[in-house]
Every structure is written in structure tokens, then in C-alpha cells.
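Undergrad: The sequence and its predicted three-dimensional model are supplied below.
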Amino acid sequence: PERISAWNRQAGFQRESLGQDAFRELRTAHRERYLALHDSLSSAEQVTAEQVHDMANYWWAAGGNYDELDPEIWRYWTGRLREEFPDHPTVLFVGENETRREYRDDPDARLEAVEALWRRLENVPPSSDRTFAMQGFINNTLNVVDEGEDPAWFGRWIERFRHYDRPTPEGIAYRVEGVLDRDDLRDRGIRELQRERARIETDLDALRSLSITRERQRALNDEWAARLLLVMGKGYLAGGDTLVAVDSLELASGLAWSPEVDRLLGEVNLALGDTLAAVRRFAAVAADPGTSESFADSALALVGTGVALEAWQRATDEARARMSRQVLAQADPQPIQGPVRLRDETGAESTLADLADGKPLAVVMFSRHCPWAVQALPEIERLSDLVGARGGRLVVVSEDEPDDELREVLSDNDVDLVPLFDSRREATRAFSNFGTPYHYIIDGDGTLMFKGEGSLGLSRIPLEVEALLQTKEPEGGGGP
């Protein structure tokens, strides 16, 4: 309780978990505490860097965000932090941010200024503030490093990215993709991709958490390797090495399902005059449940009317089979522990088996207190319609109780979703759920097959459901 940061975190948790209305009543206590701390610390003979920093931070949650505290108080503490502790990580990070304005038209001068600030930051003792500042430095600088004339900047900052951020292969792929247009950075970027691919191929446990089996990690590594090979293929194409690019993209296609890979391969094959290969690739894009229905017509127009519809349908059926096989390779089958009974607004109960009715079921966990879950409501409704049209089902399970505030949230977002309620927290326990909007995919036999975290993970729901539906279709059937 003697640490100011503890009260700042408490205010944040209260706001996020209880909602703005409930937090409004609690802010009075935070505001009174903050003003008392200000009176005592501003007159103290000696204060620590941590206290000054945390007083500047706590100002926002204690009332500054709501025009309930004098902004002069915040300026007082931020001024003291800058003057008395010029090498505090937050001060250095603010300095890094200011270089954007100071060197708007001179990227190399900006990179030099950031480099000087970084050297000071490296000499600061390790702390959470230092870690946060370093990640901010790295992220901001890699966003603009391709604007500098000296190609050495990219190499320097990508190494810092590796050392201090410990990125996933997806993170490396993202950063390299941003510099592929530069001839003097492309080769270095491709080497970074090759280096990352070698890492996950030679050390299975390099990125494996204790909760993931080695078999599951192999599947994850295949997905990462496919992403690295996709970006590698883009790099080779940008450099004019078309045949090498095709090899990379073909390898990516064999490792994991990716309509982006198939679309690019289709375009390259078409440019090379290999119409049949292009048809196979475009058919794979069309087979993905996330692709618009109009894509097939556009693709057939590209390859020409000489392609028989039978060949297109055959390629589509083959692609659906590959999709199901590759997506199911990412599954992590687990039994669901204990009964899961959910209630609707009337109090009527349903089990997961009732809801699934022998078909794949997507469960999306929701809370009206989670801004990301609320923001995702229109997308969740779109996915629900898409999954239902294919023969599966999506249900929204709320941790809240049915009340007017929840109805207002649904109405404000113009959705017709009808949530079910986990009043006994049986779904929360069965899935070990700790966030929203997390999702869980259950097959027709009641086995948990897939899990997804956050708003970005929602986009995989139709794909995961479709893969399960394909396993239930008769041999040779391609679905409607």
C-alpha cells in the first residue's frame, strides 16, 4: 500500500472490470488519496524517482482523465521527473517521441538522435519502466528505419528487437515485410527470415511454453514457417527472382493453410502462363470460408473461359480437403471437464451438447465491461451468420447477468445477438477462460478442438468450423 503504483493499478482494474459507472463512485477515494499524497510528497525533502514517476501516472486515473484534478499538478510532477531524473526511462521515451516532430524532414538525423537516447537507456538499471521504454523505442524506430539512407540502421534495430523483445517468428516476418521494397535492405531481410526459420526447425522447444505439447508446437512451428516463407517469397518477387519465389510459396502452401499464399501463387502462375496451376490456386482461395462469393467469378474471368467448370469444381474439392487437413493439424483436442449449463434470459438451461446438436459449435466469451469484446460485437454477429450458413453454430456466452445495461450495449452496437449466461461460471472453468472475446470450437462429439484469444483470433472461427464440417461430409462431397 505504500507504493503509489499499486493504487494506480487498482484504479485501472476497477475501471476495466466494474465499468465506468461503478468506477465513477470509486474515483472520489482515489482523488482524495492522490491530493493527500501530493501535499505530503511535494513538501518532502527527498523523493525517489519511482515516487515522482508514479505521481505523474496516478494523476490520470485518480481524476485527470475526467477533468477532476488540476492539470498544473500533473505538470508539476512531470516537470520534476524531467529535471531531477533526466535518465528515467519515461523521460528518455518522451524524448524519443519528440524526435518525430524535431526531425520530421530528416530521418537520418532523427535516427542519430534516437541512437543517443538509446545508449542512455541501455545504461539504466533493469526495471519494468526500462523494459516498456525499450519496447517503445524499438517499435517506433523499426516503423521508420527504412526511411534512413544508411541500411545499417535496419540491421542494428532488428538485432535489438531480437534481444530485448524476444519476438515470435510472426513478429520477425512483420518487420521484414516492411523493408522488402528497398533493394539495399531486401537481402538482409531475407537472411533474417532464413535465420528465424532455421531457429524453429532446429530447436523445437525454443518457443514452446510449458502448457503446449511437443506435437502441438510442431504444428505451430509449421504455421510460423509458412508465414516466414510467404514473406520470403514476396522478397524474392520484389527482387525479380520469380522461380525462387515460387519454390518458397509452394513450401509455405504445403505447411499451413493460407489463402494469401494461394492467391499470390495464382497470380504468379498466371503471369508465367501456367493456367492450370493458377486455377488450382485460385480455387483454393475460393474454398476458404472467409473469401467473398464473388471471388470465384473474378478468378474465372482472369484465367479465361476456356477453363471448364468441372476442372474448377474438382480443384475446389481438392482445396477443401487440403484446408480441412491443414487446419485440423493445428487442433489441440481436449475433453471438456464437468457439466456446462448455460441460461437464457428466461432462465431456461441448455448444455453444450444441446446447443451443438451434433454439429461444430463456436463459443465466444463476452463481457460488456471489456471494451475489446464490445467493439467486436458487429464482427461476432457477422461470423455467427457465416458459420450458421455453413451448418455450424456460434453462441455468445456472457459473464454478466441479463440486465438493462447489457441490452443497451447490444442495442447501441446494432446487433441481434442473443447471449447465453454463464451464471454458475461452469463454462469459464471448463475452458479455463480468462479473457474476452476468447473463443472455443467444439466438434460434433463434444471435444474441444480449437482455442482463440482476443479480437484478432475471431477471424479464424469460420475456418475452424469449416474444417470440422468437412470431416463430416461424404467422401468426395464439396458442400454447397
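TA: Sure, I can see it.

Undergrad: how about low-confidence regions in this structure?
TA: 305-307, 472-480 (pLDDT under 70).

Undergrad: out of all of them, which helix in it is the longest?
TA: When the chain is scanned for its longest helix (criterion: DSSP state H), the result is helix 214-238.

Undergrad: Can you list the helices and strands that that one packs against?
TA: When contacts are defined as 3 or more Cβ pairs under 8 Å, 6 or more residues apart in numbering; DSSP states H and E, helix 214-238 sits against helix 169-177, helix 183-202, helix 242-255, helix 259-271. Where C-beta positions appear, they are placed from N, C-alpha and C, glycine not excepted.

Undergrad: Could you list the buried residues of the third one?
TA: For helix 242-255, the buried set under the neighbour-count rule, 16 or more other Cβ atoms under 10 Å, comprises 244-246, 248-249, 251-253, 255.

Undergrad: Other residues contacting it?
TA: The contact list for helix 242-255 (Cβ atoms under 8 Å, 6 or more residues apart in numbering) reads 222-223, 225-227, 229-230, 232-237, 258, 261-262, 264-265, 268-269, 272, 326.

Undergrad: please redo it, this time with the cut-off set to 6 Å
TA: Applying Cβ atoms under 6 Å, 6 or more residues apart in numbering, the contact partners of helix 242-255 are 222, 225-226, 229-230, 232-233, 236-237, 261, 265, 268.

Undergrad: Pull the most distant pair out of the buried residues of helix 242-255.
TA: Spanning the widest gap among the buried residues of helix 242-255 are 244 and 255, at 17.2 Å by Cβ to Cβ.

Undergrad: Just the buried positions in the longest helix of the chain, please.
TA: In helix 214-238, counting by 16+ other Cβ under 10 Å, buried: 217, 219-238.

Undergrad: I'd like the distance from it to the chain centre, please.
TA: Here helix 214-238 is found 17 Å from its chain centre; the criterion is Cα atoms, centre = their mean, to the nearest Å.

Undergrad: My assumption is that residue 331 lies in a helix; please confirm.
TA: No. Residue 331 is assigned coil when assessed by DSSP: H, G, I helix; E, B strand; the rest coil, not a helix.

Undergrad: Could you measure from it over to residue 358?
TA: According to Cβ to Cβ, to the nearest Å, residue 331 stands 18 Å off from residue 358.

Undergrad: Where does residue 374 fall, secondary structure wise?
TA: Residue 374 belongs to helix 371-375 when elements are defined using DSSP states H and E.

Undergrad: Please write out the alpha-carbon positions of that helix in PDB.
TA: What follows is helix 371-375, C-alpha atoms only, in PDB (Å, rounded to 0.1, in the frame of the first residue of the first chain):
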ATOM      1  CA  PRO A 371     -14.100  -2.700 -24.500                       C
ATOM      2  CA  TRP A 372     -12.500  -5.100 -27.000                       C
ATOM      3  CA  ALA A 373     -15.400  -7.500 -26.700                       C
ATOM      4  CA  VAL A 374     -17.900  -4.700 -27.100                       C
ATOM      5  CA  GLN A 375     -16.100  -3.300 -30.100                       C
END
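
Undergrad: just checking, what packs against the next helix or strand after that helix?
TA: Later in the chain than helix 371-375, the nearest helix or strand by DSSP H and E is helix 377-390. Packing contacts for helix 377-390, counted by 3 or more Cβ pairs under 6 Å, 6 or more residues apart in numbering; DSSP states H and E, involve helix 461-472.

Undergrad: returning to what we had before: please name whichever of the helices and strands packed on helix 214-238 is nearest to residue 151.
TA: Taking Cβ to Cβ, helix 183-202 is the member of the helices and strands packed on helix 214-238 nearest to residue 151, at 4.5 Å.

Undergrad: one step back: same list (the helices and strands packed on helix 214-238) but as TSV, adding distance to residue 407.
TA: Below are the helices and strands packed on helix 214-238 laid out as TSV (distance: least, Cβ to Cβ, whole Å):
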stretch	distance to residue 407
helix 169-177	38
helix 183-202	47
helix 242-255	46
helix 259-271	37
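
Undergrad: closest one to residue 33 among these?
TA: Among these, helix 169-177 comes nearest to residue 33, with 39.3 Å by Cβ to Cβ.

Undergrad: helices and strands around the closest one, which ones?
TA: Using 3+ Cβ pairs under 6 Å, 6+ apart, helix 169-177 sits against helix 183-202, helix 214-238.

Undergrad: Out of these, flag the one nearest residue 29.
TA: helix 214-238 (45.3 Å).

Undergrad: Give me the contact list for the closest one.
TA: Helix 214-238 is contacted by residues 169-170, 173, 176-177, 180, 186, 190, 193, 196-197, 200, 204, 208, 244-245, 248-249, 251-252, 255-256, 258, 261, 329-330, 332 when judged by Cβ under 6 Å, 6+ apart.

Undergrad: cutoff 7 Å now
TA: 169-170, 173, 176-177, 180-181, 186, 189-190, 193, 196-197, 200, 204, 208, 244-245, 248-249, 251-252, 255-256, 258, 260-261, 264, 329-330, 332 (Cβ atoms under 7 Å, 6 or more residues apart in numbering).
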